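Undergrad: Sequence unavailable; structure follows:
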């Protein structure tokens, strides 16, 4: 019995497509940058608790009665004081971009040195100031990274605070230091049973703890004279003087320093570094190799995070302007459009009664095509129906032929795409007015009649109908229903008034044959042939208008994957169309008008605004995590309220039930992120020169005419169809 030979071939590995990988990596990088910014701005992992005074019975008397320099290295428990007529000025909490340079300028002018106890957060953000301190001969000490009270912290957190601060120093000035000052420290006699163990542990890590014995209390801003008085030691004694170069308005500190330095220098005082005052080696040690590289990388990362958030802030401002501009224009112009077309006696011109050719391109629409064709048979306007079967493999053409409906013709062709199918239908059409619809769409009896009435105006070359979601009972369907009513149809009213309608929807649109012939018919240059042809008509001088009563019910995607595929094609196709017609910006006549008015509107409101819109949610999350929470929530709710007002207004204009707006908040949180990723993927495809293929959606055939009354379809067809 022979056994089946084993195959040596392994199953091919499935690789994550680049169009998914790049957005994912970008999202991870963005989150990392935001987390890093929150960290270096003390918005994350910060601990602002302050330990109350405790007993001092475990602190050696020689420490309590000793000097402000405490050395617990190698098991020692000693303290030191500064010799007479030597002053060590110390500045805490910096560097600050406004006040530290002024302090350094005063010190330089008076040839004085000082010690700057910097926090890691500030040193990371302003490394140039740390480098200037070192270059000008000052000493730098650690003041932790996030400025917590270390008596509350574990040993691992203390190590982390020190290490991160040293990393910042290494990246900023190429050094490490042995000086340390605990946050919230005071005189040596303030050491207690909570802070003393921390001081001993700090010493075991190789640091000298420096407190002070002369406090200027400049943080209270008591006035220049009072700061000088408190900072001046008595009887020529040496001192370590506490001042601040950060943490608020330090104008009094700078002014006091400018008077204090020459006054005490005149009394024989020297302003020196701590190690100079003590006759000890410098506290600075140069770093090299990996340690220096880590420091530089850290500074670069912090700088990048600040730059990214600055760019995001600009993006948020841009999207704010775009959103409010769009909402304002929509409310103003859509209302004006509704009043214009609904006023008594309004007409586009003489009533249009001439027959119409309805083109239905179809590719594997077996589940939908019968509903589509039968809805056309109820039309109140004389029509001929041409179904162009674009190489279907599911019997779409046969289904239509078996219906044996009068006035319905089937044209077959090899699969060549939707633009080719529409051009084939145009070549077979007998009428001068052409209506185009999708194979998954159903028309109301009045749709064709309402759709062609604007052709009473000889300047009109195309008409956009009112596309509606027929399958809106699911959550995804409800979200798309909101988008169609608010984002598409309200937009179309606005664009109609601005005379720069960007898209005739493929589900329901009408064209003058002569207009199509002048621009060369439907083009397959882009994946959004409806947007492409609309822009071409504008450039040729035709008006494109919106007919609100020409309603069509289309089947929206019912899964996230299908929605993704559809919107990806739309987004990429719109970008292609904008790029194709870019020269209109510099042209004259109707083309130039569209290029300088219509094209920017399309680019701003249909590409840039949706791409930046998720920044609203990014900053919502950032504000919820890092604060200010209340202001963030109020701002986000304010934007949502404006969107709700616009949505409610759009629903009122379209006479839709308001109940679907219940899902609006969830739509704004989830749906917007999906559209963002789709747009980002489209940008990546465009920038990398990718070529997107046509994406066919799976249909269910579940869309019918809402509330349509039963009719004798055969009699209506006999009366209205074009022989």
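TA: Now that the structure is in, tell me what you want to look at. Note that the coordinates shown come from a computational prediction; the quantities given were computed from them, not determined experimentally.
Undergrad: For the stretch 601-723 of the chain, give me the ranges with low pLDDT.
TA: Low-confidence segments of the stretch 601-723 of the chain, defined by pLDDT under 70: 626-628, 683-723.
Undergrad: cool, the chain as well?
TA: 1-24, 43, 626-628, 683-723.
Undergrad: pull the longest helix from it.
TA: For the chain, the helix with the greatest residue count under DSSP state H is helix 289-342.
Undergrad: Quick one: distance of that one to the chain centre.
TA: Here helix 289-342 shows a centroid-to-chain-centroid distance of 6 Å under the convention Cα atoms, centre = their mean, to the nearest Å.
Undergrad: okay, now residue 637: neighbour count?
TA: Burial of residue 637 is recorded as 13 neighbouring residues (other Cβ atoms under 10 Å). Glycine gets a C-beta too; all of them are placed from N, C-alpha and C.
Undergrad: Can you show me the strands along the stretch 401-550 of the chain?
TA: 408-413, 433-436, 441-443, 460-469, 509-512, 543-554 (DSSP state E, counting those that start in this stretch).
Undergrad: the inter-axis angle of the longest helix of the chain versus strand 543-554?
TA: 100 degrees (axes from the mean of the first three to the mean of the last three Cα atoms, to 10 degrees).
Undergrad: Return the distance of the next helix or strand after helix 289-342 from the chain's centre.
TA: Using DSSP states H and E, the helix or strand that follows helix 289-342 in sequence is strand 356-362. On the basis of Cα atoms, centre = their mean, strand 356-362 sits 41 Å off its chain's mean C-alpha point.
Undergrad: still on that earlier bit, do you know which of the strands of the stretch 401-550 of the chain lies nearest residue 299?
TA: strand 460-469 (51.9 Å; Cβ to Cβ).
Undergrad: List the residues that contact residue 285.
TA: Applying Cβ atoms under 8 Å, 6 or more residues apart in numbering, we find residue 285 in contact with 175, 176, 177, 178.
Undergrad: Spell out the secondary structure type for it.
TA: Put simply, residue 285 is strand when judged by DSSP: H, G, I helix; E, B strand; the rest coil.
Undergrad: That one bridge partners, please.
TA: Per DSSP bridges, the residues bridged to residue 285 are residue 176.
Undergrad: That one and residue 651, how far apart?
TA: From residue 285 over to residue 651 the distance is 69 Å, taken as Cβ to Cβ, to the nearest Å.
Undergrad: Please report the distance of the residue nearest the centre of the chain from residue 645.
TA: Central residue of the chain (Cα atoms, centre = their mean): residue 615, 2.8 Å from the mean position. For residue 615, the distance to residue 645 equals 21 Å [Cβ to Cβ].
Undergrad: Would you tell me what helix or strand residue 108 is located in?
TA: helix 99-109.
Undergrad: for that helix, packing partners?
TA: The contact analysis (3 or more Cβ pairs under 8 Å, 6 or more residues apart in numbering; DSSP states H and E) places helix 99-109 against strand 86-92, strand 114-118, helix 127-135, helix 251-265.
Undergrad: got the buried residues for that helix?
TA: Neighbour counts over helix 99-109 (16 or more other Cβ atoms under 10 Å) mark 99, 100, 101, 102, 103, 104, 106, 107 as buried.
Undergrad: got the contact list for the residue nearest to the third one when sequence neighbours are not counted?
TA: Spelled out, that is residue 101. Ranked by Cβ to Cβ, 6 or more residues apart in numbering and with sequence neighbours excluded, the top spatial neighbour of residue 101 is residue 129, at 6.8 Å. Taking Cβ under 8 Å, 6+ apart, we find residue 129 in contact with 94, 95, 97, 100, 101, 104.
Undergrad: before we move on, what about residue 183?
TA: Counting by Cβ under 8 Å, 6+ apart, residue 183 touches 143, 144, 147, 148, 149, 150.
Undergrad: For the last one, grab the count of nearby residues.
TA: Translated: residue 150. With other Cβ under 10 Å as criterion, residue 150 counts 27.
Undergrad: do the same with the second one
TA: Counted by other Cβ under 10 Å, the residues lying close to residue 144 total 25.
Undergrad: With the fourth one instead?
TA: Using other Cβ under 10 Å as the criterion, residue 148 is surrounded by 22 other residues.
Undergrad: you'd agree it is up against residue 158?
TA: No - using Cβ atoms under 8 Å, residue 148 makes no contact with residue 158, being 9.2 Å away.
Undergrad: so residue 411 touches residue 391, yeah?
TA: No - using Cβ under 8 Å, residue 411 is not in contact with residue 391, being 11.8 Å away.
Undergrad: And for residue 557, nearest residue in space, chain neighbours not counted?
TA: Using Cβ to Cβ, 6+ apart, the nearest residue to residue 557 is residue 563, at 4.1 Å.
Undergrad: Check residue 667 too.
TA: Residue 667's closest residue in space is residue 479 (Cβ to Cβ, 6+ apart), at 4.4 Å.
Undergrad: check contacts around the one you found.
TA: 663, 666, 667, 671.
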